[in-house]
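In: sequence first, then the predicted structure, then my questions.
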Amino acid sequence: MIKGKYFHTYELNEETDRKEIAWQGLVMDYDPKKNLALVYLFSWLDGNSNGQHLKEVTDEWVFYETEEEMCEAYTNTARALGLFRH
């Protein structure tokens, strides 16, 4: 069950030919028959919610048990891409 889990979605960046994080948020509800999730999306700027959105769940989603795990995954991805100097 994915309800209550945090997530990142990934999309292919055609310029770099790498998958990059596209969306981040929290699953509020999930309809397995339609494979749709009602989610809160979080802003990249300040982490606040951008409201509720209905999204199709695909293989490009990665789920986390906690917000801390999601943030750690983002930090690791950003370091791997050279976005942090330290």
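Out: Perfect, thanks for sending it. Numbering: from 1, shown residues only.

In: close enough to count as contact, residue 21 and residue 12?
Out: No: at 11.8 Å, residue 21 does not count as touching residue 12 under the criterion of C-beta atoms under 8 Å. The C-beta positions use only the backbone N, C-alpha and C, and glycine is treated the same way.

In: below-threshold pLDDT in the protein: ranges please.
Out: 81-86 (pLDDT under 70).

In: now the helices for it?
Out: In the chain, the helices defined using DSSP state H lie at 67-80.

In: max-length strand in it?
Out: When the chain is parsed with DSSP state E, its longest strand is strand 18-31.

In: list the contacts of it.
Out: Residues from elsewhere that reach strand 18-31 (C-beta atoms under 8 Å, 6 or more residues apart in numbering): 1-13, 36-42, 44, 49, 52-53, 55, 57, 60, 63, 67, 70, 74, 77, 81.

In: try it again with 6 Å
Out: 2-3, 5-6, 8-13, 37-42, 77 (C-beta atoms under 6 Å, 6 or more residues apart in numbering).

In: now these: which count as buried?
Out: 5-6, 8-10, 37, 39-42, 77 (16 or more other C-beta atoms under 10 Å).

In: quick one: those as JSON lines, columns for distance to residue 30 too.
Out: As requested, these are exported to JSON lines (distance: C-beta to C-beta, whole Å):
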{"residue": "5", "distance to residue 30": "9"}
{"residue": "6", "distance to residue 30": "13"}
{"residue": "8", "distance to residue 30": "16"}
{"residue": "9", "distance to residue 30": "14"}
{"residue": "10", "distance to residue 30": "19"}
{"residue": "37", "distance to residue 30": "5"}
{"residue": "39", "distance to residue 30": "9"}
{"residue": "40", "distance to residue 30": "13"}
{"residue": "41", "distance to residue 30": "15"}
{"residue": "42", "distance to residue 30": "18"}
{"residue": "77", "distance to residue 30": "24"}
